[in-house]
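Asks: pasted the sequence and its predicted model underneath.
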Amino acid sequence: MHTTGDFSPEACRPAASWQTRQTITDSVELLVGYGLISAVVWTPGPMRSWLYFGAIAWFLVSIFVSFPGWGEMGCSVAGFWRSLWIVGVALSLGTVAAMLAGNLHTLHHPGPPIQWVKAFGGYTIWALAQQFLLQGYFLIRLLRILPSKTWAVITAGSVFALIHLPNPVLTPVTLLWGLVACFVFLRFRNIYSLAIAHAIFGICIAITIPASVHHNMRVGLGYLTYSPPRHLHLSQIDQRVSTDE
């Protein structure tokens, strides 16, 4: 008995066409989004602000148009408690780094708790935004484009690190963190625990390594045009723009 039905070339053609359109859409969204982020990082003057808001608009519109669901993007309670061990790892490594910095006399911090909130509150929010973009936007699209999860993770981690050039501290750190975070995301599908760990690692770098080395956590043009601050200050604006002169 012969059956044609769903296995006929005509039946397969619409599915293949939809797959092609999805791949093209994902590729355009990734290229334009990454291009806008790169432009923000490397553009000086007032034009930078326009590009910054343009990038936000692009991500909001593209997410709305091809919304995969909050759970797919890791914005849910599911997986949070099971992935909370990554926060414990970050706290442990941060504690060791702080102890070493104390012995080397490079440890510096804002002071009272309220100063910690002022110095790092915005950065913590920015850490969440970065994880949302890395996993909830870039990684899930790369998973649909590339032939394997491993290649998707490697690509996502690499582009995450490249955007932190030419910072000699953040570039290798973000490469390692990007790879680890993407693999953890694939296992638990949650960005909140990753964002907490990200914030811990970032704050650890800020208080254990002299600002003269990492240029107050700036990247791109901001790293090259950095001038030493009068006091420790790591704000959301510093990180989101990262090119302040």
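Replies: Done, it's in.

Asks: in this structure, which spans are strands?
Replies: In the chain, no strands are found when defined by DSSP state E.

Asks: hey, which helix is longest across it?
Replies: Using DSSP state H, we find that the single longest helix of the chain is helix 9-42.

Asks: show me what it packs onto, helices and strands only.
Replies: Helix 9-42 is packed against helix 47-65, helix 140-145, helix 221-224, with contacts defined by 3 or more CB pairs under 8 Å, 6 or more residues apart in numbering; DSSP states H and E. For every residue, glycine as well, the C-beta is placed using N, CA and C.

Asks: so which of those helices is nearest Val89?
Replies: helix 140-145 (24.0 Å; CB to CB).

Asks: who touches the closest one?
Replies: Residues outside helix 140-145 that contact it (CB atoms under 8 Å, 6 or more residues apart in numbering): 22-23, 26-27, 29-30, 68, 72-73, 149, 151-152, 155-156.

Asks: out of the residues you listed, which are buried?
Replies: Asp26, Glu29, Leu30, Met73, Ala152, Thr155, Ala156 (16 or more other CB atoms under 10 Å).

Asks: nearest to Trp116 among those?
Replies: Nearest to Trp116 among these, with distances taken as CB to CB, is Met73, at 29.4 Å.

Asks: am I right that that closest one is in contact with Gly136?
Replies: Yes: under the criterion of CB atoms under 8 Å, Met73 makes contact with Gly136 at 3.4 Å.

Asks: shared neighbours of the two, anything?
Replies: In contact with both Met73 and Gly136: Ile191, using CB under 8 Å, 6+ apart.

Asks: ok, so of the contacts of helix 140-145, who is nearest Ser212?
Replies: Ala156 (30.8 Å).

Asks: can you give me the helices for the chain?
Replies: Along the chain, counting by DSSP H, helices occupy 9-42, 47-65, 85-104, 113-131, 140-145, 149-162, 170-188, 192-208, 211-214, 221-224, 236-241.

Asks: chain center to the longest one: distance?
Replies: If you compare the mean C-alpha spot of helix 9-42 with that of the full chain, they lie 20 Å apart, counting by CA atoms, centre = their mean, to the nearest Å.

Asks: what's the answer for the fourth one, then?
Replies: From the chain centre to the centre of helix 113-131 is a distance of 15 Å (CA atoms, centre = their mean).

Asks: tell me the buried residues in it?
Replies: Ala119, Phe120, Gly122, Tyr123, Thr124, Trp126, Ala127, Leu128, Ala129, Gln130, Gln131.

Asks: export the residues you listed to JSON lines and tack on distance to Ala181?
Replies: Shown next, in JSON lines, are the buried residues of helix 113-131 (distance: CB to CB, whole Å):
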{"residue": "Ala119", "distance to Ala181": "24"}
{"residue": "Phe120", "distance to Ala181": "19"}
{"residue": "Gly122", "distance to Ala181": "20"}
{"residue": "Tyr123", "distance to Ala181": "17"}
{"residue": "Thr124", "distance to Ala181": "16"}
{"residue": "Trp126", "distance to Ala181": "15"}
{"residue": "Ala127", "distance to Ala181": "11"}
{"residue": "Leu128", "distance to Ala181": "12"}
{"residue": "Ala129", "distance to Ala181": "14"}
{"residue": "Gln130", "distance to Ala181": "10"}
{"residue": "Gln131", "distance to Ala181": "7"}
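
Asks: okay, now the unreliable bits of the protein?
Replies: When residues are selected by pLDDT under 70, those of the chain lie in 1-16, 229-245.

Asks: go again using 80 as the cut-off
Replies: Counting by pLDDT under 80, the chain contains low-confidence ranges at 1-16, 18, 111, 228-245.

Asks: tell me the centre residue of it?
Replies: Nearest to the mean C-alpha position of the chain, by CA atoms, centre = their mean, lies Gln130 at 3.2 Å.
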